[in-house]
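Chemist: Sequence and predicted structure, then a few things I'm wondering about:
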Amino acid sequence: MGTLIYISSFLLFLIGLYCVVVKDNLIKIIIGIKIMGYGVCLFYIMISYKSDAIAPIIIKGVKNYTDPLPQALIPAIMAASFAAMILMLATSIRLFEKHKTLDMSKIKELKG
Amino acid sequence: MFEIFIILFSIFVLIAAIAAVEMKDLLSSIMALSVVGFGLVIIFIFLAAPEVVSAQLVIEILCFVSLVVVVNKTSKVDETKLYSMREISPVSAGLFFAIIFIIFGLWGIQDLPKFGEPVMKVSSVYIQKVIAEIGAKNIVTAILMDFRAFNTLIEVVLIITLFVGVATILRKRGRKNAESD
């Protein structure tokens, strides 16, 4: 099996990338960006897993823990993607109030 | 056996992600996105990451609630048409870059550490120091609050910036327009 299991996180990232590039609806674009963030998180957690080790909570006498450093980096990624998503949602509410649609192709035609 | 289990859950998550991308009804699409998030929570539990599980649960629920609120305020159905004639070039460019990404990904994946055997140069030092000097029960919390405390501080600044930005975007009228209206 080796390293091939990481492909699942790459595929998750690629589904999000496809959604961001192809879709026109703003909510769909935000969903695509969320899926890309999930792909990155899944990759970090997969790369931190150690077989025959326990979760990084200290028990006396045990010295075999999974890698705690990527797990400490993940909440930063999550907070940043959450903040970006909330800002995009606020902007899309404003755009809907002005143009009465969330379709990016129509909003591009209406500019000016 | 364990890897096959992880792969099955990953396929479940991938199917939910494709459903979230392709559904026309936006509310069902958001629910499929939540299926992706909670499926990832199950995978994280089996990959021994309890700290990430709690953070992912909280942020997933917040995302779901805010997306449902926004969809309720705006339109509920995705009415865009796929592939009008002038959009073929960006779509083909996207597919081209996706293929390049897959090729280079498969090339670079061979130099990664194998699944189940991480490189722990820094982390082993962290674990030894936590056991010997710091004495916290949870190693991840010790890294977040002690070794990387400045990183966590800047994250808090990020959240404050988030609130300021949302208040700036969503306020009803600007300061100058208030007098003329």
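Modeler: Cool, the structure landed. Numbering: from 1, shown residues only, chains lettered A, B, ... in the order given.
Chemist: could you give me the average pLDDT of the longest helix along chain B?
Modeler: If you go by DSSP state H, chain B has its longest helix at helix B:50-73. The average pLDDT within helix B:50-73 is 91.
Chemist: Domain boundaries for chain B, per the record?
Modeler: Listed by automatic domain parsing, the domain ranges of chain B are B:1-78, B:119-172.
Chemist: is stretch A:53-63 up against chain B anywhere?
Modeler: Yes - residues of stretch A:53-63 are located near chain B by CB under 8 Å from any CB of the partner chain, namely A:53-58, A:63. Just so you know, the C-beta spots here come from the backbone N, C-alpha and C atoms, and that holds for glycine as well.
Chemist: Which one (most neighbours) among those residues?
Modeler: Of the residues of stretch A:53-63 next to chain B, residue A:56 is surrounded by the most neighbours, 29 neighbours in total, counting by other CB atoms under 10 Å in any protein chain shown.
Chemist: In contact with that one, which residues?
Modeler: A:65-66, A:68, A:71, B:48, B:51, B:127, B:138-140 (CB atoms under 8 Å, 6 or more residues apart in numbering or on different chains).
Chemist: Model confidence score at residue A:42, please.
Modeler: For residue A:42, pLDDT reads 92.
Chemist: Residue B:55: neighbour count?
Modeler: 22.
Chemist: hang on, isn't it packed against residue A:81?
Modeler: No - using CB atoms under 8 Å, residue B:55 is not in contact with residue A:81; the gap is 11.6 Å.
Chemist: Taking the centroid of chain A, which residue is nearest it?
Modeler: In chain A, the centroid-proximal residue (CA atoms, centre = their mean) is residue A:37; its distance is 1.2 Å.
Chemist: just checking, next helix/strand downstream of the longest helix seen in chain A?
Modeler: In chain A, taking DSSP H as the definition, the longest helix is helix A:68-99. Per DSSP states H and E, helix A:68-99 leads on to helix A:104-109 as the next helix or strand towards the C-terminus.
Chemist: Tell me the buried residues in that next one?
Modeler: By neighbour count on 16 or more other CB atoms under 10 Å in any protein chain shown, the buried set for helix A:104-109 is A:104, A:107.
Chemist: So which of the contacts of residue A:56 sit within helices?
Modeler: Short answer: the contacts of residue A:56 in helices (DSSP H) are A:68, A:71, B:51, B:127, B:139-140.
Chemist: And those, which two are furthest apart?
Modeler: B:51 and B:127 (14.6 Å; CB to CB).
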